[in-house]
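In: Sequence and computational prediction follow.
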Amino acid sequence: EYAFSGCHNLQLITLPTSVTSIGNFAFSWCSNLQSITIPPSVTSIDNCTFASCSNLQSIQIPSNVTFIGNSAFSCCVNLKSIAFPTSVTSIGNSAFSRCNHLQSITIPTSVTSIGDSVFSDCSNLQSIDVESNNLNYVSKDGILFTKNCEVLLCFPAAHQFSTFIIPTSVTSIGNSAFSFCSKLHSITIPTSVTSICDYAFYGCSNLQSIIIPTSVTSIGDSAFSRCYNLRSIDVESNNLNYVSINGIL
């Protein structure tokens, strides 16, 4: 852990095939690291391994890696592309958050677990695609859902839609699902939705109003925080859990 953390002058590193794991924060804050070769002997990339490697532009994940840890590549602001091997089954919380140059990403069939806020604040991310045979997740119009479309997991921050109607199959809006979607002006929440999770609309700076339907029984922490242009939150009159007074929730 922290083996090369904060080595700001390190630009390139090649790991030998004897290395089987890379610990937490191993290359974090290596701000000038541009290239790293990871051998196929590595089977996991742990928490915050490459966090804040701000000059890292691309990385090839070895074919034997099954797990990508929490915040493994968070704040890699110049990371332009990443290819997941078919060995990857789990992607941890905030694994690629604030990777501002990522434009698209493809989730392979093998992935069975995706954590919270994985692609939060990826300001140029336009679409998330999921391979068709994945049994746990699906992409509709570049938006990430659980397979049955009951949970909306991530609406890419740079998605082409400025207005969006959430499908009626959705019962839960996931953690940070719409966070930092600054292009989004209007959103319609259907009566199928029962929960709005933490940070769901955090940083939606152009969202002006929202209506909470009767069906919603749970609203998470900071769900509408930093929505600087949000003028009102209205709640339908028959909601048993929430009320709006003068547009205040």
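Out: Sure, I can see it.
In: Just the pLDDT for the residue nearest to the spatial centre of the chain.
Out: The C-alpha lying nearest the average C-alpha coordinate of the chain belongs to residue 119 (C-alpha atoms, centre = their mean; 2.1 Å). Note for residue 119: predicted pLDDT of 95.
In: list the contacts for it?
Out: 96-97, 99, 102, 105, 125, 128, 144, 154, 156-157 (C-beta atoms under 8 Å, 6 or more residues apart in numbering). For the C-beta atoms, the positions are set from N, CA and C on the backbone; glycine is no exception.
In: and of those, the nearest to residue 54?
Out: Compare each of these with residue 54 using C-beta to C-beta and the shortest gap goes to residue 99, at 10.5 Å.
In: what sits against the residue nearest to residue 40 when sequence neighbours are not counted?
Out: Excluding its sequence neighbours, the residue lying closest to residue 40 (C-beta to C-beta, 6 or more residues apart in numbering) is residue 62, at 4.5 Å. Contacts here follow C-beta under 8 Å, 6+ apart; on that basis residue 62 touches 38-42, 85.
In: hang on, the earlier thing: within the helices and strands, which one has the residue nearest to the centre of the chain?
Out: With secondary structure defined by DSSP states H and E, residue 119 is part of neither a helix nor a strand.
In: distance of it from residue 178?
Out: 11 Å (C-beta to C-beta, to the nearest Å).
In: Ok, residue 162 next?
Out: 12 Å.
In: Please identify which of those two sits among more neighbours.
Out: In this view residue 162 and residue 178 are compared by other C-beta atoms under 10 Å, and residue 178 has more residues nearby, 29 against 12.
In: right, and that one touches residue 189 too?
Out: No. When contacts are counted by C-beta atoms under 8 Å, residue 178 is not listed as touching residue 189 (10.7 Å).
In: Regarding residue 59, which helix or strand does it belong to?
Out: Under the criterion of DSSP H and E, residue 59 resides in strand 58-60.
In: got it, and residue 178?
Out: Secondary structure assigned from DSSP H and E places residue 178 in neither a helix nor a strand.
In: same question, the one 4 residues further on
Out: Of the helices and strands defined by DSSP H and E, none includes residue 182.
In: Quick check: the closest residue to it other than its chain neighbours vs residue 234, distance?
Out: For residue 182, ignoring the flanking residues on the chain, the nearest one in space by C-beta to C-beta, 6+ apart is residue 205 at 4.8 Å. Going from residue 205 to residue 234 by C-beta to C-beta gives 20 Å.
In: shared neighbours of residue 162 and residue 178, anything?
Out: Applying C-beta under 8 Å, 6+ apart, one finds that residue 162 and residue 178 are jointly contacted by residue 184.
In: tell me what the helix or strand following the strand holding residue 59 is packed against?
Out: Using DSSP H and E, the next helix or strand after strand 58-60 towards the C-terminus is strand 67-68. With contacts defined as 3 or more C-beta pairs under 8 Å, 6 or more residues apart in numbering; DSSP states H and E, the secondary structure elements packing on strand 67-68 are strand 44-45, strand 90-91.
In: need the next SSE after the last one, C-terminal direction.
Out: So that's strand 90-91. strand 104-107.
In: in that next one, what's buried?
Out: Within strand 104-107, the residues that qualify as buried are 105, 107, counting by 16 or more other C-beta atoms under 10 Å.
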